[in-house]
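Colleague: here is my input, please return the structure:
(one chain, ligands or ions: 1)
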Amino acid sequence: MKPIPFNKPFIIGRELALIADAVAQGHLSGDGTYTKLCHRWFEEKLGCHKALLTHSCTGALEMAAILCDIQPGDEVILPSYTFVSTANAFVLRGAVPVFVDIRPDTLNIDEKLIEAAITAKTKVIVPVHYAGVPCEMERIMAIADQHNLLVVEDAAQALLSTYRGRALGSIGHFGCLSFHETKNIISGEGGALLVNDARFAARAEIIREKGTNRSQFFRGEVDKYTWVDIGSSYLPSELVSAFLYAQLEHADEIVAKRRSLCTGYATQLVGLQRAGCLRLPDFDEDSNGHMFYILLDSLTTRSELISYLKAKSILPVFHYVPLHSAPAGRQYGREGSTMRVTKELSECLLRLPLFYEMGEAEIARVCAAIGEFFAARSRSI
Ligand SMILES: *Cc1c(COP(=O)(O)O)cnc(C)c1O
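Modeller: Okay, here's the model as predicted:
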């Protein structure tokens, strides 16, 4: 049977034509026509003050850490159930990641546990919108306000999800997006830093351009450009931006398709949830269909189901090893709460195949296989 991969990169429109056009324009380094078109698209569509494309979400998180003026010993509050870059970007500046447990319903940072993890050294809170489902941003922003902290949204999975009508990534002081080929909208590798607080905009441009005021120079605001601050090279090539812009032209269509695939999974698996075999995610209407996962009763069931599906050429994957339990997490970070939910759910979560070109028939095949797995198990008990 034809394999169903977990993810499959795709082309939807003018990607190759726009790359050819970028080549024809003779500007292949950063900040040409297509990068600027992407910047404007994000600023208009998401309502952020300033969008800056980066080579990855990791790069955007690193820029945010510099802009937050992280000094050695500063503390950053984040979930343990996330990708390494959420922590690494701050550890690179000398910060101590303080891990807080997640909510059992959304798998996002449990906002009720944040205040107890705050100390005199805390500088930043990093909410991660897991699966594109929003964190409790109103509460998190209020806590940050009260304790004079900055908020960096890791919105790598959350492009075009909303929270009370506002785009994720546009609510904290900074938002970081990813266009890695596993995300909804892709450019191979790619990312963006959303600067939502105008106070940081000028410095963000400088840090992204190797610590120089080159952007101001090109706008004619200074008559020569020079080294003015720390920084690195965070901007993507025009080839990447051209590909990305072609995807952005179809952004709403991509999200609509993924949401309908998620609905297909949920409809066909709800019977197994009722039978107590698995738990389905609690997606609200405001999320972007980034991921469809199921929660099983144990690590053993998960391992058995993975083997069963693999034998049928279906490739599901589990997700993060919680950072607090990873070697570098233990070395650089500390636990700011118990990790009960993180530990329990990370062992039981299984992500099902989901990609733009997937069809209803493939969703049905995955669901049927999961149904057969549980039917065979109940017979053998
Ligand atoms: C994908 C992802 C990242 C990293 O994105 P890159 O563009 O690959 O650097 C960071 N955080 C989360 C939550 C992610 O899912």
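
Colleague: how about residue 312: what's its closest non-neighbour residue?
Modeller: residue 369 (5.0 Å; C-beta to C-beta, 6 or more residues apart in numbering). The C-beta positions use only the backbone N, C-alpha and C, and glycine is treated the same way.

Colleague: pretty sure that neighbour contacts residue 309?
Modeller: Yes - contact status for residue 369 versus residue 309: in contact at 5.7 Å, counting by C-beta atoms under 8 Å.

Colleague: those two: who's more crowded?
Modeller: Shown here are residue 369 and residue 309; by other C-beta atoms under 10 Å, residue 309 has more neighbours (21 against 18).

Colleague: from the ligand, how far off is that one?
Modeller: Using C-beta to the nearest ligand atom, to the nearest Å, we find residue 309 at a distance of 23 Å from the ligand.

Colleague: which pLDDT value belongs to that residue?
Modeller: Residue 309 is assigned a predicted lDDT (pLDDT) of 98.

Colleague: can you pull the contacts of it?
Modeller: By C-beta atoms under 8 Å, 6 or more residues apart in numbering, the contact set of residue 309 is 315, 316, 366, 369, 370, 373.

Colleague: got the phi/psi numbers for it?
Modeller: Main-chain dihedrals, residue 309, degrees, to the nearest 10: phi -70, psi -40.

Colleague: show me what from the protein comes close to the ligand.
Modeller: 56-58, 82-83, 85-86, 128, 154, 156-157, 178, 180, 191 (C-beta under 6 Å from any ligand atom).

Colleague: now do the contacts for residue 132.
Modeller: Shown in contact with residue 132 (C-beta under 8 Å, 6+ apart): 157, 158, 159, 161, 168, 184, 287, 288, 289, 290, 291.

Colleague: show me where the stretch 1-150 of the chain has strands.
Modeller: In the stretch 1-150 of the chain, the segments counted as strands under DSSP state E, counting those that start in this stretch are 50-54, 75-79, 96-100, 122-125, 150-154.

Colleague: ok so, going back, hmm, which of the contacts of residue 132 is lowest in pLDDT?
Modeller: Among the contacts of residue 132, residue 287 has the weakest pLDDT, 92.

Colleague: go ahead and confirm that residue touches residue 135.
Modeller: No - counting by C-beta under 8 Å, residue 287 stays clear of residue 135, with 11.6 Å between them.

Colleague: more crowded one of the two?
Modeller: residue 135 (30 against 26).

Colleague: for the more buried one, which non-adjacent residue is closest in space?
Modeller: Counting by C-beta to C-beta, 6+ apart, the residue nearest residue 135 is residue 127, at 3.9 Å.

Colleague: just checking, the one you found touches residue 173?
Modeller: No - Residue 127 lies out of contact with residue 173 (C-beta under 8 Å); the separation is 11.7 Å.

Colleague: quick revisit: quick check: phi and psi at the residue nearest to residue 135.
Modeller: phi -70, psi 140.

Colleague: ok, it to the ligand distance?
Modeller: 10 Å.

Colleague: quick one: contacts for that residue?
Modeller: Counted by C-beta under 8 Å, 6+ apart, residue 127 has contacts 78, 79, 108, 109, 135, 137, 140, 151, 153, 154, 172.
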